[in-house]
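A.B. asks: predicted coordinates and the sequence they were generated for:
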Amino acid sequence: QVQLVESGGGLVQAGGSLRLSCAASGRTFEIFAMGWFRQAPGKEREFVAAISWYDSSTYYADSVKGRFTISRDAAKNTVYLQMNSLKPEDTAAYYCAADSRGSSWPIFGDYEYNYWGQGTQVTVSS
């Protein structure tokens with residue numbers, strides 16, 4: 001089992017920045033990749049970004065490309081999502097996810113991740 005705990009959400013004005021963290025514990029040696037997803041009220045969960053545990057390759061949704069950066073600290077088993085130039089439409093609950101089944105890269109389908117965190121709220125005011 002892998003446990004994921006997110007932190008770093010909050011309220012920020014449009015144009016501001018936030019950094020989300022996701023700490024993994026347990027059988028972290030099983031992780032192949034980690035990703036961030038978000039879900040706004042009344043909308044489906046959508047992919048945001050992913051990072052390969054093997055070589056730190058990254059993959060982004062078009063909506064956040066150039067504004068968000070996913071990174072990892074292997075020693076801490078932690079993944080980060082640096083969010084810059086935030087927009088009101090970025091408002092959502094953000095979820096961290098991990099894949100331990102070795103799905104083909106890039107991994108952007110939520111069904112490809114088998115561990116999930118509890119989520120952290122990001123609210124961007126206009």
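C.D. replies: In hand now; what should we look at? Keep in mind that what you see is a predicted model, and the values were worked out from it rather than measured. Numbers count the residues shown, from 1 in each chain.

A.B. asks: so where is this structure shaky, pLDDT-wise?
C.D. replies: For the chain, no stretch has pLDDT under 70.

A.B. asks: what segments of it are helices?
C.D. replies: Applying DSSP state H to the chain gives no helices.

A.B. asks: tell me who's in contact with the spatially most central residue of it.
C.D. replies: Centroid-nearest residue in the chain, with CA atoms, centre = their mean: W36, separated by 1.9 Å. W36 sits next to 20, 22, 48-50, 70, 79, 81, 94-97 when contact means CB atoms under 8 Å, 6 or more residues apart in numbering. In short, each C-beta sits where N, CA and C put it, glycine included.

A.B. asks: mind listing the residues bridging to C96?
C.D. replies: Beta-bridge partners of C96, counted by DSSP bridges, are W36.

A.B. asks: count the residues that sit near it.
C.D. replies: Neighbourhood size, C96 [other CB atoms under 10 Å]: 27.

A.B. asks: can you check S21 too?
C.D. replies: Residues near S21, counting by other CB under 10 Å: 17.

A.B. asks: contacting residues around it?
C.D. replies: Contacts of S21 by CB under 8 Å, 6+ apart are 6-8, 78-80.

A.B. asks: state the distance from it to V124.
C.D. replies: 18 Å (CB to CB, to the nearest Å).

A.B. asks: likewise C96?
C.D. replies: Counting by CB to CB - C96 and V124 are separated by 19 Å.

A.B. asks: again, but for R27
C.D. replies: 35 Å.

A.B. asks: just read off the phi/psi values of P41.
C.D. replies: phi -60, psi 130 (degrees, to the nearest 10).
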